[in-house]
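Structure here, sequence nowhere to be found:
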DNA sequence: GTGAAAGCGCTAACAG
DNA sequence: CTGTTAGCGCTTTCAC
């Protein structure tokens, strides 16, 4: 029973290069269940049962031990493709983001891929550039590959045609037993793990008002992204509740656009003493623009962000912002997908993750002149 | 020939929910090659040939047209799992990074996933946290999944045990026809697309020397990462060539560590007039630390980075840095993998991508007192 | 408790 | 040029 196991399958010549070393893991999963069964002296089906349903007793204890020993000796690793073909579904996740290079999404991706790999799942990352067609094409590919779950990290797009097209695809995913999770607000009624966009925006606005600011300008994301809508809604509510007039401009979540929106605000509504940019990424651009125009932060204008991307506390000035726990959302998304897959998902459908106000140096009380 | 195609396979009850709508794409790839063949009135193998080898004429033109029409009518999409099982390899890429949340890697990932998807490939992202074991476990999973290629975006680790373990796995990948590409310096002799780390470090150092600086401090990455070694080497060469004494500290590419290394440098070798931090990410930390210690940039000390992560030109002060074209490297990596897969890869094995000196506001000529 | 057999969807000999 | 056959590696009836 020592040395190389017998193998009479169609051996490819190149296979000889890496000689099978029994017991050494990571040799590339070269021996199949057939090999294991043969070495253990049982049929393939028994081997399958022994290795798979380790909980239930479908197989005699001694047989199971023999199979397990054989598997270990051969360094057996099941072939996920064969399994997936049979099960009509792969043990693979996918995460859809608007832009992986945006630190906000990168952080979610980091947490999600890490959580998934902990459960032995690989994660496909799709960066859609916020383009509906690209996103739909990606989803088609994901369906072809029968991924177990798709996590949509970006806010939904408010576009009827896109939503209809997406609905068909989601039905297809569900049809083969796949799961879908939203990590940002969407019209579709999917299981959702989301940051408290509206509450966070309200919280920050109330904080600024509490500092004595009355003329507060606001920069949000694109009108067709649900996340932007929620943040704008929260800000607006707080402003109106305080009897203040909201002033808003939009960017597309990139620093350049944060700068451009700030420029427009400076022209359209000069004299604001606080600027709330509902995205840290855009806030960087806003700070640059204010500097360019000779305005000091926070002396001349207080600036607040949203998101609190880790590592950004090193900027100058350190930004007051709303901290969303991006890592928690990524992990929760994976857990949520898992529980859908094994049928243990429970209400509530939408789980809102609390945010936290982080006060740093970019905001200060309004000095009454 | 209208309406629902006949289908006598074992229909699952849930399948009725999304009725097959012939001609409508994206229905989830529900009809198989068997369905197409039946509709076209040919055998499965003929259908396969007609759809696959569209270039060569293995099939009569009329037959092909009939098959293509049937495929289109059914919205047929080949099942990559079945194909992969047969071909012993999937049409999927993987990219291994030290940390997806590091903008440096995020940018490479963005470019690579985008290039891959252009060719119809999905991309699995693995974030190893610079941990050899995590990385090896990931590679095992990738091998199980028979990914077509693995792109290693992070510098290799200088650890014999890790290198040996990796060598076995790479052999396994090659054994099934998979490709491997390095996007950073490594001891392993893989096809490589890499930024000019050494030349870039030399270039920046010469620039600083040209500004009149004589006491130049240097921060590089971890000693066991090959990228760090290259940058340190370039810096050292330029310093010695100018008859100057190099002073170096190490960080681990995170801002916190950039700050810590700077602090150590300030203690150990106070009085330097220029600080070259061989990573933009760490430079952010360095800037924060200098500020904390009351040193102005660039008045008191010039600071230079390495990498030029897009979007970071908005920081204060805008950083003088070495621009690596991260996007180009990501794309080149995918192209390189492709050419290995179809056997058209050509020398040179290592392709070095040129860098560019980007002068901004964080450096200035030394003022002779 | 175990084995034989069928089949997931596709491709590639091998005949004809 | 096209059909028949034989798997890729695994899981799951269905018998015994």
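Received it, and whenever you're ready, just let me know what you need. Nothing here was measured: the structure is a model prediction, and the numbers come from that model.

ranges for the helices of the stretch 1-150 of chain A?
Assignment of helices within the stretch 1-150 of chain A using DSSP state H, counting those that start in this stretch yields the ranges A:33-40, A:44-52, A:61-74, A:80-87, A:103-118, A:132-144.

by contact count, what packs against the last one?
On a contact count with 3 or more C-beta pairs under 8 Å, 6 or more residues apart in numbering or on different chains; DSSP states H and E, helix A:132-144 meets strand A:92-97, strand A:122-127, helix A:160-175, helix B:103-118. (C-beta placed from N, C-alpha, C; glycine too.)

Need the helices of the stretch 1-150 of chain A in CSV (columns: mean pLDDT).
CSV is the format used below for those (pLDDT from 0 to 100):
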stretch, mean pLDDT
helix A:33-40, 95
helix A:44-52, 94
helix A:61-74, 95
helix A:80-87, 97
helix A:103-118, 96
helix A:132-144, 96
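
Name the stretch among the ones you listed that sits most buried.
Mean neighbour count, computed with mean count of other C-beta atoms under 10 Å in any protein chain shown, is highest for helix A:103-118 among those, reaching a mean of 24.

who wins for proximity to residue A:362 among the helices and strands packed on helix A:132-144?
helix B:103-118 (21.0 Å; C-beta to C-beta).

quick one: that closest one to strand A:92-97, angle?
110 degrees (axes from the mean of the first three to the mean of the last three C-alpha atoms, to 10 degrees).

Taking their axis directions, helix B:103-118 and strand A:122-127 sit at what angle?
Going by the same axes, to 10 degrees, helix B:103-118 makes 90 degrees with strand A:122-127.

Show me what helix B:103-118 is packed up against.
Using 3+ C-beta pairs under 8 Å, 6+ apart as the contact criterion, the elements in contact with helix B:103-118 are helix A:103-118, strand A:122-127, helix A:132-144, strand B:92-97, strand B:122-127, helix B:280-292, helix B:326-341.

List the residues that contact residue A:283.
Residues counted as contacts of residue A:283 (C-beta atoms under 8 Å, 6 or more residues apart in numbering or on different chains) are A:258, A:277, A:303, A:304, A:305, A:306, A:319, A:321.

which stretches of chain A aren't confidently modelled?
A:1-29, A:311, A:368-369 (pLDDT under 70).

try 80 this time
A:1-29, A:53-57, A:310-316, A:368-369 (pLDDT under 80).

now the helices of the stretch 1-150 of chain A in JSON lines, with distance to residue B:65?
Shown next, in JSON lines, are the helices of the stretch 1-150 of chain A (distance: least, C-beta to C-beta, whole Å):
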{"stretch": "helix A:33-40", "distance to residue B:65": "41"}
{"stretch": "helix A:44-52", "distance to residue B:65": "42"}
{"stretch": "helix A:61-74", "distance to residue B:65": "49"}
{"stretch": "helix A:80-87", "distance to residue B:65": "30"}
{"stretch": "helix A:103-118", "distance to residue B:65": "44"}
{"stretch": "helix A:132-144", "distance to residue B:65": "24"}
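
can you tell me which of those helices comes nearest to residue A:330?
Shortest separation from residue A:330 across the helices of the stretch 1-150 of chain A is recorded for helix A:103-118, at 3.0 Å, computed as C-beta to C-beta.

how about the nearest residue to residue A:163, chain neighbours excluded?
Spatially, and ignoring its direct neighbours in sequence, residue A:163 is nearest to residue A:187 (6.5 Å; C-beta to C-beta, 6 or more residues apart in numbering or on different chains).

In a markdown table, list the helices and strands packed on helix B:103-118 along with distance to residue B:57.
A markdown table is the format used below for the helices and strands packed on helix B:103-118 (distance: least, C-beta to C-beta, whole Å):
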| stretch | distance to residue B:57 |
| --- | --- |
| helix A:103-118 | 45 |
| strand A:122-127 | 36 |
| helix A:132-144 | 27 |
| strand B:92-97 | 30 |
| strand B:122-127 | 31 |
| helix B:280-292 | 54 |
| helix B:326-341 | 24 |
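
Confirm for me that the residue nearest to residue A:163 is in contact with residue A:157.
No: assessed by C-beta atoms under 8 Å, residue A:187 is found out of contact with residue A:157, at 9.4 Å.

neighbour count winner among the two?
Using other C-beta atoms under 10 Å in any protein chain shown as the criterion, residue A:187 and residue A:157 rank with residue A:157 on top: 22 against 12.

can you count the residues close to residue A:347?
7.

Which of the three states applies to it?
Of the three states, residue A:347 takes coil under DSSP: H, G, I helix; E, B strand; the rest coil.

how far away is it from residue A:306?
28 Å (C-beta to C-beta, to the nearest Å).

before we move on, what about residue A:127?
21 Å.

what does residue A:239 give?
Applying C-beta to C-beta, the value for residue A:239 to residue A:306 is 16 Å.

related to what we said a few turns ago, so what's in contact with residue A:187 and residue A:157 at the same time?
In contact with both residue A:187 and residue A:157: A:163, A:226, using C-beta under 8 Å, 6+ apart.

any chance you could map the strands in the stretch 201-350 of chain A?
A:216-220, A:247-250, A:274-277, A:302-304, A:321-323, A:350-353 (DSSP state E, counting those that start in this stretch).

Output the set of residues of chain A in proximity to DNA strand C.
Within chain A, the positions lying close to DNA strand C (C-beta under 7 Å from any atom of the strand) are A:41-46, A:49, A:57-60, A:62-64, A:82, A:85-86, A:88.

show me what contacts residue A:43?
Residues in contact with residue A:43 (C-beta under 8 Å, 6+ apart) are residue A:37.

try 10 Å this time
A:34, A:37, A:49 (C-beta atoms under 10 Å, 6 or more residues apart in numbering or on different chains).

Now do the phi/psi pair for it.
The phi and psi values for residue A:43, taken as degrees, to the nearest 10, are phi -80, psi 160.

The one 10 residues further on too?
Residue A:53 adopts backbone torsions of phi -90, psi 70, taken as degrees, to the nearest 10.

quick one: it and residue A:59 touch, right?
Yes: counting by C-beta atoms under 10 Å, residue A:53 touches residue A:59, with 7.9 Å between them.

The two: which is more packed in?
For residue A:53 versus residue A:59, the count of surrounding residues by other C-beta under 10 Å is larger for residue A:59: 21 against 12.

Next up, the contacts around the nearest residue to the more buried one once chain neighbours are set aside.
Closest residue to residue A:59 apart from its sequence neighbours, by C-beta to C-beta, 6+ apart: residue A:50 at 4.6 Å. Shown in contact with residue A:50 (C-beta under 10 Å, 6+ apart): A:36-37, A:40, A:42, A:58-61, A:63-68, A:70-71.
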